[in-house]
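> task: produce atomic coordinates for the following.
(one chain, ligands or ions: 1)
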Amino acid sequence: MILTVTLNAALDVTYFVDEVTPHASHRVTQPVERAGGKGINVTRVLAALRHPVLATGLVGGTTGRILREDLRASGLKDALVPVRGESRKTITVVSERNGDATVFNPPGPHVDPQSWRAFTRRFAELAARADVVVLAGSLPPGLPCDSYAGLLATARDAGAVTVLDTSGAALLAALDAGPDVIKPNAAEIREVTGRSDVADAAAELQARGARTVVASDGPQGLHAVTPEGRYRTLPPAQLRGNPTGAGDACVAALAAGLATGLPWPDLLRDAVALSAAAVSAPLAGDFRRDLYDQFRTTATVSVERPHAADSH
Ligand SMILES: O=P(O)(O)OC[C@H]1O[C@](O)(CO)[C@@H](O)[C@H]1O
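Predicted coordinates:
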């Protein structure tokens, strides 16, 4: 079973407009609300791929209730733990003419120590049943930046493989706990390392504690630094659509490949194919099945350095 963790779950509101013009008002053609946050999107993708998956994390208030109802309506199991505050609503504006998205992510509810203790107890029970644990998204206010480090240690002690997708201080603080895989995007990895070259930045984060680093670089594909070598994976096609959620689809493919024991080249090919297929779907958490099947056979993976000198 793959366990996903979304500490800052959200109700994702997506607006589709012809084009985003600053200082202008816009007619929204199809507003859509659905349960989101990075781990929830990973759950949705894994469930569509028919992998046994369970979502945990924190939710609160009316937004949290709507979010859970939406998960149930989608046939997704959840073991979300309640918090006192109100879960956030994110806004994504998809500009249909450019095939691009503008995203607004609020901070989320304040998490008190009592709710956090209740969550960590529940997490330990669930992690003991998981083959892979995916920890994804920002930390809500109230949680210290090393919160992921504690969860990673619990998951590792329970024998699960760990995948982490977060940014900033939460990402840096988690490296000491030795996550099996981290999946920052290009902007996130540049921000935490101060390096402009994504592959060099990925190698630095591996040296700082992550076993494998898979850095996603939008249309430039994936840069992976694994214990077996470095790989570059190019997307099969340049696509327009809604890139929000492409990173979550990539994480879903990584988790699925780790759960089934795929070798890195196959796993990375699936990851880039699923990301590209997600860009073509209108909503984060969805992907085009036909394109995924097609891209899995056409995406290219090249070995950049067969044996990384700093592997561990
Ligand atoms: O936790 P954050 O880093 O703020 O990201 C959350 C957001 O990211 C997305 O998962 C897209 O990757 C949205 O569903 C939205 O909820």
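
> could you pull out the strands for this protein?
For the chain, the strands defined by DSSP state E occupy 2-6, 10-17, 32-36, 53-59, 78-82, 88-95, 100-104, 132-136, 161-165, 181-182, 212-216, 222-226, 229-234, 300-305.

> tell me which residue of the stretch 51-200 of the chain lies closest to the ligand.
Closest approach between the stretch 51-200 of the chain and the ligand, counting by Cβ to the nearest ligand atom: G137, at 3.1 Å. Every residue, glycine included, has its C-beta placed from N, CA and C.

> phi, psi for that residue please.
Backbone torsions of G137, given as degrees, to the nearest 10, read phi 110, psi -180.

> can you give me the distance of the closest residue to it other than its chain neighbours to the ligand?
Closest residue to G137 apart from its sequence neighbours, by Cβ to Cβ, 6 or more residues apart in numbering: K38 at 3.8 Å. Look at K38 and the ligand: by Cβ to the nearest ligand atom, to the nearest Å, they are 4 Å apart.

> quick one, what contacts K38?
T6, A136, G137, D165, G247, D248, V251 (Cβ atoms under 8 Å, 6 or more residues apart in numbering).

> any idea how far V5 is from it?
Separation of K38 from V5 (Cβ to Cβ, to the nearest Å): 9 Å.

> again, but for I189
Distance, I189 to V5, by Cβ to Cβ: 21 Å.

> please say which of these two ends up with more neighbours.
V5 (30 against 27; other Cβ atoms under 10 Å).

> so that one bridges to which residues?
Beta bridges link V5 to T56, L135, judged by DSSP bridges.

> and the pLDDT at the residue of the stretch 51-200 of the chain closest to the ligand?
pLDDT, G137: 98.

> measure F295 to P282 for me?
Per Cβ to Cβ, F295 is found 18 Å from P282.

> of those two, which one has the most company?
Just comparing F295 and P282: by other Cβ under 10 Å the higher neighbour count belongs to F295, 24 against 16.

> got the contact list for the closest residue to the more buried one other than its chain neighbours?
Excluding its sequence neighbours, the residue lying closest to F295 (Cβ to Cβ, 6+ apart) is A273, at 3.6 Å. Contacts for A273 were tallied using Cβ under 8 Å, 6+ apart; they are P236, A253, L291, Y292, F295, R296, A299.

> 6 Å - rerun?
By Cβ atoms under 6 Å, 6 or more residues apart in numbering, the contact set of A273 is Y292, F295, R296, A299.

> and A309, what pLDDT?
pLDDT at A309 comes out at 44.

> now T43
Value for T43, per-residue pLDDT: 98.

> just checking, it touches A55?
Yes. Look at T43 against A55 with Cβ atoms under 6 Å: they come within range, at 4.2 Å.

> more neighbours: which of the two?
Comparing T43 with A55 by neighbour count (other Cβ under 10 Å), the higher total belongs to T43, at 34 against 29.

> is S216 in a bridge, and if so with what?
Counting by DSSP bridges, S216 is bridged to N185, L222.

> residues touching the residue nearest the centre of the chain, list them.
Centroid-nearest residue in the chain: D248, 3.6 Å away (criterion: Cα atoms, centre = their mean). D248 makes contact with K38, N41, V42 under the criterion Cβ under 6 Å, 6+ apart.
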